[in-house]
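**Student:** What would the 3D arrangement of this be:
(chains A, B, C and D)
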There are 2 protein chains.
Amino acid sequence: MPFVNDHLARKLTTFVKLSPTELAGLAELQSTPVNVPRGSDLMNQGDAGQLAYILHAGWGCSYKVLRDGARQIITFPIPGDMIGLRSILLKTSDHAFSAITDVQVSRISTTRLNTLVDEFPRLATAIMWGTSRDEAITVEHLASIGRRTSLERTAHFFLELRDRLQLVGLTSDTEYECPLSQYVIADALGVSAIHVNRVLRQLRELELLTFQDHKVTIIDSAGLTELAGYDSIEG
Amino acid sequence: MPFVNDHLARKLTTFVKLSPTELAGLAELQSTPVNVPRGSDLMNQGDAGQLAYILHAGWGCSYKVLRDGARQIITFPIPGDMIGLRSILLKTSDHAFSAITDVQVSRISTTRLNTLVDEFPRLATAIMWGTSRDEAITVEHLASIGRRTSLERTAHFFLELRDRLQLVGLTSDTEYECPLSQYVIADALGVSAIHVNRVLRQLRELELLTFQDHKVTIIDSAGLTELAGYDSIEG
DNA sequence: CGACGCTTTGACACAACTCAACAACCGTGG
DNA sequence: CCACGGTTGTTGAGTTGTGTCAAAGCGTCG
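**Tutor:** Reported below is the predicted structural model:
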């Protein structure tokens, strides 16, 4: 197996138990890793599609840019997440992916993916479960931006991120590394960077959560959950 | 074929040409239609999953409700669109669907869907293309709420709706039926109903678009497109 | 005919944005 | 080793977009 921590396998097996041969197939899909240096783009809006990736390590963001240059971040993929899967069937990619830290990915060969799911149909189901779950997160994000205040929205964001990281074993209950700048968080939450700063201060003063030195500390999980109206992600 | 207008087939064949037997299979999937009276819910948040539908006629909305009772509409499915497909693989449905007018749907049998895509793999590809396209629309909606002003957002909304209706032949270039109240539009755009009213007045005064008597009239398509920063949906 | 839902408008309040300035930090090159 | 520019974080003041509350007009349907 090419990776010590197969985050994708870890994620998918919370949904279905996979046989050793299925796991081997999944591992093989993740071969030939490539590094993407921080600050560079892996794919751009309008790129011809047919390319998808699996993220192994590092932080990045999927985003759209609007005509006036504003940016909306769709999601921060974490290890074990697929990137750009949607663009396989569309003519062009509808979004871009940018590496925030140095990032390690492997390209998914579409043909290999096809033969793999032919051979192991349960793997297809597991992968589609993963994409359904990602979609549900996007929809929750939509509801968050549309109908939550910036304070609720920010609380929700950090709770969801915690649960996603926990699913692949990258965090404890109360603390996790998060190398995002306030500008980047602003583009995800649909507010200005300055306002993110003010909201983070509020969360700190309410003794709910701190975000300092690229580290999130959840002080009062119950209080945050209540404030955000957060339901943990279900399978 | 059970329906004179197979909107789903019309939509999918813009992506791949389907053979007569494939079309027959698709038509059979849409048998046993049921009526959903306006105002009633077809599915609710938290329902046990494993049920999906195809919309044949009428208007409804997929939405989430937040803990405080606020509602965020995710999308207005139109004839030929699938409803609740995501919930097939998740334990519970992450969203609800409510009929705005009387609505005609047919339930998709999961087992029949499975045997069908086994028999006609190209059908699976076509359906997944459709879901990819729906996802792209949701992502665009997210960007719209996060980063466009309410004026741009409203313009974008009506242009996108026009293009979606056009794909299944339910509108001309400049005018379409749209039986949505301003309250409903507000819940889709993430603003208050009163503000929707103000924005619609602005669009009218700018001589870009009118929304009256459940009818949308696009006066200045180019102007609207420019204002909204709208890119037509691509396959 | 009355009740109800939807639209429209005005007045006011408040959340979030913009602009501006400064502090802290970091990697880089002299 | 330090000086430097660039990025990020922090805070204040004033502005603007949007929400809330209130009320009236209008259709439609029972």
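**Student:** What distance do you get for the residue most central in space within chain A to residue A:58?
**Tutor:** A centroid search over chain A (Cα atoms, centre = their mean) returns residue A:77, at 2.4 Å, as the residue closest to the centre. For residue A:77, the distance to residue A:58 (Cβ to Cβ, to the nearest Å) stands at 10 Å. To be clear about C-beta, it is placed using only N, CA and C from the backbone, and glycine gets the same treatment.
**Student:** How about residue A:231?
**Tutor:** 29 Å.
**Student:** The two: which is more packed in?
**Tutor:** Remark: of residue A:231 and residue A:58, residue A:58 carries more neighbours, 20 against 16, as counted by other Cβ atoms under 10 Å in any protein chain shown.
**Student:** How is chain A divided into domains?
**Tutor:** A:7-133, A:150-228 (automatic domain parsing).
**Student:** Name the nearest residue to residue A:185, sequence neighbours excluded.
**Tutor:** In this structure, residue A:185 finds its nearest non-sequential neighbour in residue A:196, 5.2 Å apart by Cβ to Cβ, 6 or more residues apart in numbering or on different chains.
**Student:** Does the one you found touch residue A:189 like I think?
**Tutor:** Yes: the criterion here is Cβ atoms under 8 Å, and residue A:196 meets it with residue A:189 at 6.8 Å.
**Student:** can you list residues touching both of these two?
**Tutor:** Overlap between the neighbourhoods of residue A:196 and residue A:189 consists of residue A:154, taking contacts as Cβ atoms under 8 Å, 6 or more residues apart in numbering or on different chains.
**Student:** Mind naming the longest helix for chain A?
**Tutor:** helix A:121-147 (DSSP state H).
**Student:** Give me the neighbour count for the closest residue to residue A:168 other than its chain neighbours.
**Tutor:** Spatial nearest neighbour of residue A:168, excluding adjacent residues (Cβ to Cβ, 6+ apart): residue A:7 at 4.3 Å. For residue A:7, the tally of surrounding residues (other Cβ under 10 Å) stands at 21.
**Student:** dump the residue contacts of residue A:7.
**Tutor:** Contacts were defined as Cβ under 8 Å, 6+ apart; by that measure residue A:7 touches A:56, A:78-80, A:168-170.
**Student:** check which helix or strand covers residue A:198.
**Tutor:** Take DSSP states H and E as the rule and residue A:198 turns out to sit in helix A:193-205.
**Student:** what does that helix contact?
**Tutor:** Counting by Cβ under 8 Å, 6+ apart, helix A:193-205 makes contact with A:150-151, A:154-155, A:182-183, A:185-186, A:189, A:191, A:209-211, A:224, all of which sit outside it.
**Student:** ok, and does that helix reach over to DNA strand C?
**Tutor:** Yes: contact between helix A:193-205 and DNA strand C, assessed by Cβ under 7 Å from any atom of the strand, occurs at A:194-195.
**Student:** What is the subsequent helix or strand relative to that helix?
**Tutor:** In the C-terminal direction from helix A:193-205 (assignment by DSSP H and E), the next one is strand A:209-212.
**Student:** quick one: buried residues of that following strand?
**Tutor:** Buried residues in strand A:209-212, counting neighbours by 16 or more other Cβ atoms under 10 Å in any protein chain shown, are found at A:209, A:211.
**Student:** Partner strands of it and their direction?
**Tutor:** strand A:215-218 (antiparallel) (DSSP bridges).
**Student:** Whichever helix or strand comes after the strand it pairs with near chain B at all?
**Tutor:** The C-terminal neighbour of strand A:215-218 among helices and strands, as given by DSSP H and E, is helix A:221-228. No: figure legend: helix A:221-228 not in contact with chain B (Cβ under 8 Å from any Cβ of the partner chain); closest approach 8.9 Å.
**Student:** nearest to DNA strand D, of the domains of chain A?
**Tutor:** Set against DNA strand D and scored by Cβ to the nearest atom of the strand, the domains of chain A come closest in domain A:150-228, at 3.3 Å.
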